[in-house]
Structures are given as C-alpha cells and as structure tokens.
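fold the following and give me the result.
(2 chains)
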Amino acid sequence: MLPENITAVVTRNETWAGVAASEPYEAGWAKEAVFFVRALKQPVGMPAKAFVDISPDGIRWVPEGTEFTLPSSRDGISVARVSHFGNWLRVRAQFDDGAECTVLVTLHLKA
Amino acid sequence: MNEQTNTSLAHDLRLALLRSDPALSHFDPLPRIIANDSFAKGHCGWSQLVGNYEGDLDTMLPGYAQHSSAMLSTLSHWDAGSHGGMNSSYALKIATKPVAGSRNVAIKRHTFRKRGPIRLEAYVTFKPEANELKLSETDVRSFGFLFDLQGGDQDGDALRVMPHLRFLNAENGHHTQKWQFKQRTSDIKPMGAEDKIVSHDHLNPNDWQDLPGGGQRLCYNEIPTKVNWTYLCFDFDLETMQATGFRCNDRVFDVSGFESIKIPAMKNLWCMLNICLFAETDTNKRAFLYVDSVCLSGDF
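So this is what the prediction gives:
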C-alpha cells in the first residue's frame, strides 16, 4: 500500500490579528509536515512573525523552533517545513497593533 | 438441492464468512459492502464538508465557514497517553472550535447504483477537550450523522432527501441525552451572480425534533479521557426514500415517526449518496467525535 499523505485545511478565510493560531491538528502518523500560509487578501501593516508550535496534549503548546514571516501581499505564500514533531502541530502568528492578514493555512503531511 | 435450500445455504455461508472475518464481524452489513473504513488505513475518503461559494470565499455561509479538516487520532490524552481505537491505534477525529455552538462535519461522497436498501454502521465515541479536571459530561452538545441523497436523473419522483439524526447530549448545560431528527433546512440562498450555485445550512441549530422514544443514556465513562465505543446502525430505503431502522448499541428505535429534509432536486446531484458525521459543542470547549470504523452496505 502507498504511504499515507494528506492535505488538511486547518484555517480558511480567517482574519488573523494580535496573537492567532490554527486549530490543533494530530499528525503523529506523519514523518514530515509542511505548513503553507497564503494571504487571501492584501495584508494590513507589517507582516507577522509566525512560529510552528508542538504540544504534548493539544492543550499546552511550546515552540518547535521553526520561525517564518507571513506573506506581505495578497496571494503571497509562506512556508514552514518540520519533522520530528511528535503528535500535535499548529501555526501561531504574532501581529503588530493594527496589523492583520486573512489566511488560508494548509498542512501537508506524509508518512 | 432445491432453490430454497440453495438460498439458505448461500445465506449461511455468507454469514459464516462475515463472522469469521475480524475486519467485518463487528458489523451486520447488507449483501454488498460499498465501503468498509478503518482509519488505520488512512482517511478513507473522509474530508471536510466545505461550503459552497462563488467568486469569493466570503460568500460561504457562516455555518460552513467554521469547518476544518478531520484528522487521524490515537485519542492521545495528557493523563493516560494514547487510548487508541477498537482494532488499531487510529480513529478519525472531528473537532469543533472552542466556541459554544460551533460544529464540524466530515463527509464522504458516493453515488448509488440502485435505489434499494442501504445501511450505515459505525463505531463512534465523543468527549470534550480534557482541559478541565472534571467530568464535563454536558460540554458536548451533540454528535450525529446524515445522508445527503438525490434520485436518478430519469426518476420522476426525484427529490433531494437528507435524513439527519443527532444524539443531543446536552443543551445549554442541561444533560438531555436523546436522539433527534429534522425535516427543515434553512433558506436556499444563491452564491454569487451566475445563478449556478446555491447553498443552504441544513445543520443549522433550528428545527430539530425529538425522535419518539428516543431518550438514551450512553456510556460516557468517568473522566474526560476515558472513552467507550458506541455502535450505530441506520437503515434507509433509497426506493421509498424512507428510514427503515435505527439502532444504537442495545436499543432499537421506532422510526415510524422519522422524516427527512426534502427539497426539490438540484440540477447536478443525480444519484448522490453522501454521508456526513458531525459534532457540536455546547460550551467554549472543543467537542470531539471519534470514529473507529464505518461500514456502508446495500442490497443490490
């Protein structure tokens, strides 16, 4: 049987501001993960700093260490690749006051 | 041997084969198995129910905009580790957002070959997110399932028919524990300007009705991280577009008072046979519906 892979849409057409994060996603079966964050609308203000978070339980989160910057223009796409992440994954972003971005967050997992 | 003996022998042989097959013996499928989903095999075609839209995602109805992708889960908990499924480590997990009234829906899309009996069987369980050290038995509002059906393009009686059933576990903190169905959807709204795409939120919170005799106390277990698998079996006849049976564990319910949502046939959904599974939360806490396995079978 071919190894499992999946594209999960974890956040769609949500406007992020302040501190925002995707919903927890269980991916313990996967060896590698790629987050894509696409700006569906023209972002407002400075592009946010984003972080991949991991978790022992889906409730309490710690930074995995991967950092990236969200898109600065509409239809821009930012990418984060991670492996060795245990079970739980999410993307968290921190925006300056007044900044925002309407995002499509997709998580691509491969066994 | 006469014909009757042959039929009886075939029946007995089929039953013996089913009951000796560990992958199927926990189900009672009709003669043809359309899908037998066990989530150690992957997502098995269960995806998120995305709402309709045209031109701009902002046109999607809010009820659908909140949906996200289901995931493969080992039912991992902070206090006891991975719970696992019935026959493997994995279950499909449908998770709401942590906002009271939120829902999430997973869907599998088929078409049918013949208008006849179909049976949906599943082993499921539900819990809220275990972020409080208390029983939390009224945090999950409901879980449920539905078929989304439409007759064939040559059928004179074709309607879009959507039988819905949910277990209303709790509502506004009251531990109701009863099965409900619904006969009405929302208004059908056009998406965009091209008059080609419409949408209606059939899982909106309104118009649920109690299934007569549909009270049931399920096994919830004693803390939020202990789960027990519950058996569901729903029978529907595509010929008459009527429910013919429903059971949950040891209880068999009378469906003579059950009715489906029925709306005019849509111009591009002929022979549709979709299954949805959903969860709703009653509090600002994520509700989880876990699905160990699903079997869809038919008599054709």
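
so which bits of chain A are right by chain B?
Taking Cβ under 8 Å from any Cβ of the partner chain as the criterion, the neighbours of chain B within chain A are A:1, A:4, A:6, A:8-13, A:23-29, A:40, A:56-60, A:87-88, A:107. Every C-beta, even on glycine, is put in place using the N, C-alpha and C of the backbone.

in the sheet, who's paired with the residue nearest the centre of chain A?
Among the residues of chain A, the one closest to the centroid is residue A:91, at 3.2 Å (Cα atoms, centre = their mean). Beta bridges link residue A:91 to residue A:52 when assigned by DSSP bridges.

contacting residues around it?
Going by Cβ atoms under 8 Å, 6 or more residues apart in numbering or on different chains, residue A:91 touches A:10, A:11, A:21, A:22, A:35, A:37, A:50, A:51, A:52, A:53, A:80, A:105.

ok, residue B:34 next?
B:110, B:118, B:296, B:297, B:298.

any idea how many residues pack against residue B:111?
Counted with other Cβ atoms under 10 Å in any protein chain shown, the neighbours of residue B:111 add up to 13.

distance of the spatially closest residue to it that is not a sequence neighbour from chain A?
Using Cβ to Cβ, 6 or more residues apart in numbering or on different chains and skipping residues adjacent in sequence, the residue nearest residue B:111 is residue B:271, 4.2 Å away. Going from residue B:271 to chain A by Cβ to the nearest Cβ, to the nearest Å gives 27 Å.

got the phi and psi for residue B:271?
When read as degrees, to the nearest 10, the backbone of residue B:271 gives phi 60, psi 20.

distance of it from residue B:198?
Between residue B:271 and residue B:198 the distance is 19 Å, computed by Cβ to Cβ, to the nearest Å.

which one's more surrounded, those two?
Set side by side, residue B:271 and residue B:198 give different neighbour counts by other Cβ under 10 Å, the larger being at residue B:271 (18 against 14).

thought the more buried one was touching residue B:154?
No. With the criterion set as Cβ atoms under 8 Å, residue B:271 and residue B:154 do not qualify as a contacting pair; they are 10.1 Å apart.

residue A:80 should be in a strand, yeah?
Yes. Checked against DSSP: H, G, I helix; E, B strand; the rest coil, residue A:80 lies within a strand.

quickly list what it is bridged to.
Once the bridges are assigned, which here means DSSP bridges, residue A:80 pairs with residue A:35.

in contact with it, which residues?
A:34, A:35, A:37, A:50, A:52, A:66, A:68, A:91.

okay, it: pLDDT?
Per-residue pLDDT puts residue A:80 at 98.

same thing with residue B:1?
Note for residue B:1: predicted pLDDT of 60.

contact partners for residue B:172?
So, once contact is read as Cβ under 8 Å, 6+ apart, residue B:172 ends up touching residue B:282.

what about the residue positioned nearest the centre of chain B, helix or strand, and which?
Compute the mean C-alpha point of chain B, and by Cα atoms, centre = their mean the closest residue is residue B:145, 2.3 Å away. With secondary structure defined by DSSP states H and E, residue B:145 is part of strand B:140-150.

got the residues of the stretch 1-150 of chain B near chain A?
Residues of the stretch 1-150 of chain B found near chain A (Cβ under 8 Å from any Cβ) are B:41-43, B:48, B:50, B:57-58, B:60, B:65, B:68-69, B:71-74, B:76-78, B:90, B:93, B:95, B:97, B:129-131.

filter those down to the buried ones.
B:42-43, B:48, B:50, B:57, B:60, B:65, B:68-69, B:71-74, B:76-77, B:90, B:93, B:95, B:97, B:129-131 (16 or more other Cβ atoms under 10 Å in any protein chain shown).

what number of residues lie near residue B:31?
12.

among the residues of the stretch 1-150 of chain B next to chain A, which ones are in strands?
Among the residues of the stretch 1-150 of chain B next to chain A, the residues falling in strands (DSSP state E) are B:48, B:71, B:72, B:73, B:76, B:77, B:93, B:95.

quick check: beta-bridge partners of the fifth one?
Beta-bridge pairing of residue B:76, defined through DSSP bridges, involves residue B:82.

again with the last one
For residue B:95, the residues forming beta bridges with it (DSSP bridges) are residue B:288.

report pLDDT for it.
Predicted confidence (pLDDT) at residue B:95: the value is 98.

please name every helix or strand in contact with the lengthiest strand in chain A.
In chain A, with assignment by DSSP E, the single longest strand is strand A:5-17. Based on contacts counted as 3 or more Cβ pairs under 8 Å, 6 or more residues apart in numbering or on different chains; DSSP states H and E, the elements that strand A:5-17 packs against are strand A:88-94, strand A:100-110.

hmm, 6 Å instead?
Where contact means 3 or more Cβ pairs under 6 Å, 6 or more residues apart in numbering or on different chains; DSSP states H and E, strand A:5-17 is packed against strand A:100-110.

burial measure for the nearest residue to residue B:180 once chain neighbours are set aside, as a count.
Nearest residue to residue B:180 in three dimensions, chain neighbours excluded: residue B:208, at 4.3 Å (Cβ to Cβ, 6+ apart). Here the number of neighbours of residue B:208 (other Cβ under 10 Å) works out to 22.

which phi and psi values does residue B:208 adopt?
As for residue B:208, its main-chain torsions (degrees, to the nearest 10) stand at phi -70, psi 140.

ok, it to residue B:163 distance?
Computed as Cβ to Cβ, the residue B:208 to residue B:163 distance reads 13 Å.

and if you look at residue B:177?
21 Å.

quick one, what contacts the nearest residue to residue A:61 once chain neighbours are set aside?
Beyond its immediate neighbours in the sequence, the residue positioned closest to residue A:61 (Cβ to Cβ, 6+ apart) is residue A:53, lying 4.2 Å away. Residues near residue A:53 by Cβ atoms under 6 Å, 6 or more residues apart in numbering or on different chains: A:61, A:63, A:90, A:92.

can I get the buried part of those as one PyMOL selection?
Here is the PyMOL command that selects the buried residues among the contacts of residue A:53 (16+ other Cβ under 10 Å):
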select buried, chain A and resi 61+90+92
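
strands paired with the one helix or strand residue B:231 maps to, and their directions?
Per DSSP H and E: residue B:231 is located in strand B:230-237. Strand pairing for strand B:230-237, using DSSP bridges, gives strand B:117-128 (antiparallel), strand B:242-248 (antiparallel).

for it, give the mean pLDDT please.
On average, the pLDDT along strand B:230-237 is 98.
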